[in-house]
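[1] Build me a model:
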Amino acid sequence: MSVLDYTMPLLNGKDQDLSEYAGKVVLIVNTASKCGFTPQYDGLETLYQDLKDKGLVILGFPCNQFGKQEPGSADDIGAFCQKNYGVSFPMFSKIDVNGSDAAPIYDELKAAAPGVMGTKGIKWNFTKFLIGRDGKVIDRYAPTTTPESLKADILKALEA
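    This next block holds a predicted model:
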């Protein structure tokens with residue numbers, strides 16, 4: 001099974017079949033509106049605008065599991081992302097990324113690309129997963145890894 005075999009609800013409540021992104025390079029990020037890493041939305045949007053025509057899509061998955069830093073409703077999250085960062089890439093409904101209620105897509109991502117020393121759990125908001133055009137996970141990046149520093153890896157994946 002590929003991580004693109006799931007259907008996930010968008011912030012607006014509509015279901016999005018992730019298989020529609022097959023053949024693209026996908027960056028999946030668990031996000032939060034009240035986190036020290038929240039300004040990464042800026043870099044993510046810049047990457048998306050610069051590379052979407054080459055085949056990049058970024059998928060944002062809000063999560064409230066880390067310091068309760070995403071407490072708002074879907075409408076709150078959408079308004080925040082649009083107003084403060086002009087986010088135009090797909091944003092999904094709030095999910096859990098760890099624990100028994102973790103979204104299955106995140107179980108799949110963590111199994112395909114464990115963290116440091118083989119840990120599976122997501123450590124914090126803005127952990128990133130790069131997915132190749134073939135639907136396979138290329139790499140996992142820490143929350144401290146800036147979107148700008150991913151550009152070379154994304155370009156390499158786009159050329160593959």
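[2] Show me the strands in this structure, by range?
    7-9, 15-17, 25-31, 56-62, 128-131, 137-141 (DSSP state E).
[3] Residue 109: what's it in contact with?
    3, 28, 129, 137, 140 (Cβ atoms under 8 Å, 6 or more residues apart in numbering). Backbone N, C-alpha and C define where each C-beta goes, glycine included.
[4] So in the chain, where's the weakest helix or strand by average pLDDT?
    helix 74-85 (a mean of 91; mean pLDDT, DSSP states H and E).
[5] and residue 109, how far is that from residue 68?
    Distance of residue 109 to residue 68, given as Cβ to Cβ, to the nearest Å: 22 Å.
[6] residue with max distance from the center of the chain?
    residue 117 (21.8 Å; Cα atoms, centre = their mean).
[7] For it, give me its contacts.
    So residue 117 contacts nothing (Cβ under 8 Å, 6+ apart).
[8] Then the one 4 residues further on?
    For residue 121, the set of contacting residues under the criterion of Cβ under 8 Å, 6+ apart consists of 98, 110, 115.
[9] Of the residues you listed, just say which sits nearest to residue 22.
    Checking those against residue 22 by Cβ to Cβ gives residue 110 as the nearest, at 21.0 Å.
[10] Show me what counts as buried in the least confident helix or strand of the chain.
    74, 77, 78, 80, 81, 85 (16 or more other Cβ atoms under 10 Å).
[11] now that helix, how far from the centre of its chain.
    16 Å (Cα atoms, centre = their mean, to the nearest Å).
[12] Equivalent analysis for stretch 144-160, please.
    Worked out by Cα atoms, centre = their mean, stretch 144-160 lies 14 Å from the chain centre.
[13] quick one: contacts of it?
    Contacts of stretch 144-160 (Cβ under 8 Å, 6+ apart): 25, 27, 37, 40, 43-44, 46-47, 50-51, 54-56, 128, 130, 132-133, 138-139, 141.
[14] one more time with 10 Å, if that's ok
    Stretch 144-160 is contacted from outside by 24-27, 29, 36-37, 39-48, 50-51, 54-56, 58, 124, 126-128, 130-134, 138-139, 141, using Cβ atoms under 10 Å, 6 or more residues apart in numbering.
[15] filter these to the buried ones?
    24-27, 29, 37, 40-45, 47-48, 51, 55-56, 58, 124, 126-128, 130-133, 138, 141.
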